[in-house]
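[1] Sequence and predicted structure below; questions after.
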Amino acid sequence: MASGPKLVRSNRLCVLVLWRPRLSPPPLGETQRLSAAQVEAAQGQVDENHLLQRLYGVGFEELQVPNPEMRLFLSLKREVDLLELERITTAVGWRPRPIRRVRRALRHSLMVVGVWRHDPFFPRLVGFARCIGDGVINATVWDVVIHPAYQGAGLGHGLMAFVVGRLRAMGIEHVTLFADPGVIRFYQNQGWEVEPDNQRCCFWYAS
Ligand SMILES: CC(C)(COP(=O)(O)OP(=O)(O)OC[C@H]1O[C@@H](n2cnc3c(N)ncnc32)[C@H](O)[C@@H]1OP(=O)(O)O)[C@@H](O)C(=O)NCCC(=O)NCCS
């Protein structure tokens, strides 16, 4: 018999017959019973997800790394400590920027992503990227960085895949970034196209 709402005409009265799913669950059979260990494991999973969501916010993702004793998470929501960020950017040799300006830049960014080494009490920032843009058509990625102690383990790749995935989910059509010459291959390996020399790119510097 077909299921779903049905219209039954009775003389001139229109009666809406609603199909309702059975509300009470079927009785538990032998195969549906969970062992105490399974219940405990399921509860543990719920507790862990709860903890991770509290630390990293909605939409966090775990990065797979070769070291099984280390867990790393990508987060759009966990607030980035600017001194920690500066520690990373200094470690890769970038020129320091006034913290107050960085704070404002992050506040005005379309997306700010932190890579966190997991600790239930003190997660450590080990990587970062941010995007600016209109949130609809165009975005530009800036400040992609992984702390030197964590480089070469796939974090940079995972970070960029996360960023591009989130921009794609917003419906963004074009993403650009300005790579340092030594890092172009890193992006090319992930499918980014290098703009043909001196064809389309223009820069203006205030000083
Ligand atoms: C560039 C950077 C983010 C890459 O992070 P990472 O975690 O080391 O990268 P991954 O481990 O995911 O490496 C992915 C691949 O890119 C390659 N790669 C990494 N850094 C590279 C670099 N500087 N130049 C060329 N290739 C690089 C790796 O060899 C690896 O290749 P494989 O997949 O063939 O093995 C990191 O090296 C970094 O922070 N550098 C300093 C800051 C910087 O230059 N940022 C980019 C500004 S445009």
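    Everything's here; your move.

[2] Buried residues in stretch 127-138, which are they?
    By neighbour count on 16 or more other CB atoms under 10 Å, the buried set for stretch 127-138 is Gly127, Phe128, Ala129, Arg130, Cys131, Gly133, Asn138. The way it works is simple: take the backbone N, C-alpha and C, and place the C-beta from them, glycine included.

[3] Report pLDDT for the residue lying closest to Asn138 once chain neighbours are set aside.
    Spatial nearest neighbour of Asn138, excluding adjacent residues (CB to CB, 6 or more residues apart in numbering): His174 at 5.1 Å. Per-residue pLDDT puts His174 at 94.

[4] on that earlier part again, out of the buried residues of stretch 127-138, what pair is the most spread apart?
    The span of the buried residues of stretch 127-138, defined through CB to CB, is set by Gly127 and Asn138 at 24.0 Å.

[5] In the chain, what residue lies closest to the ligand?
    Using CB to the nearest ligand atom, the single residue of the chain nearest to the ligand is Gly156, 2.2 Å away.

[6] Could you give the number of residues near that residue?
    Close neighbours of Gly156, defined as other CB atoms under 10 Å, add up to 21.

[7] and it, that one's in a helix?
    Yes. Assessed with DSSP: H, G, I helix; E, B strand; the rest coil, Gly156 lies in a helix.

[8] isn't it right up against Pro148?
    No. Counting by CB atoms under 8 Å, Gly156 does not reach Pro148; the two are 11.5 Å apart.

[9] So which bits of this protein are right by the ligand?
    Contacts of the chain with the ligand, taken as CB under 6 Å from any ligand atom, map to 92, 144-146, 151-157, 179-180, 182-183, 185-186, 189.

[10] Can you tell me the strand partners of the strand or helix carrying Val126 and which way each runs?
    Per DSSP states H and E: Val126 is located in strand 124-133. Using DSSP bridges, the strands paired with strand 124-133 are strand 111-117 (antiparallel), strand 138-146 (antiparallel).

[11] in the protein, which spans are helices?
    With DSSP state H, the ranges of helices along the chain come out as 36-56, 82-91, 99-107, 155-170, 184-188.

[12] got the contact list for the nearest residue to Arg124 once chain neighbours are set aside?
    Distance criterion CB to CB, 6+ apart; nearest residue to Arg124, sequence neighbours excluded, is Arg117 at 4.5 Å. For Arg117, the contacting residues are Met70, Arg71, Leu72, Pro123, Arg124, Val126, Tyr150, by CB atoms under 8 Å, 6 or more residues apart in numbering.

[13] The nearest residue to the third one once chain neighbours are set aside: neighbouring residues, count only.
    Among residues not flanking Leu72 along the chain, Leu63 sits closest, at 4.4 Å (CB to CB, 6+ apart). Leu63 is flanked by 22 other residues according to other CB under 10 Å.

[14] and Leu63, how far is that from Glu69?
    Distance of Leu63 to Glu69, computed by CB to CB, to the nearest Å: 14 Å.

[15] for this protein, what helix or strand is lowest in average pLDDT?
    strand 13-17 (a mean of 36; mean pLDDT, DSSP states H and E).

[16] Can you pull out the low-pLDDT segments for this protein?
    For the chain, the stretches flagged by pLDDT under 70 are 1-32.

[17] Go again with 50.
    1-23, 26 (pLDDT under 50).
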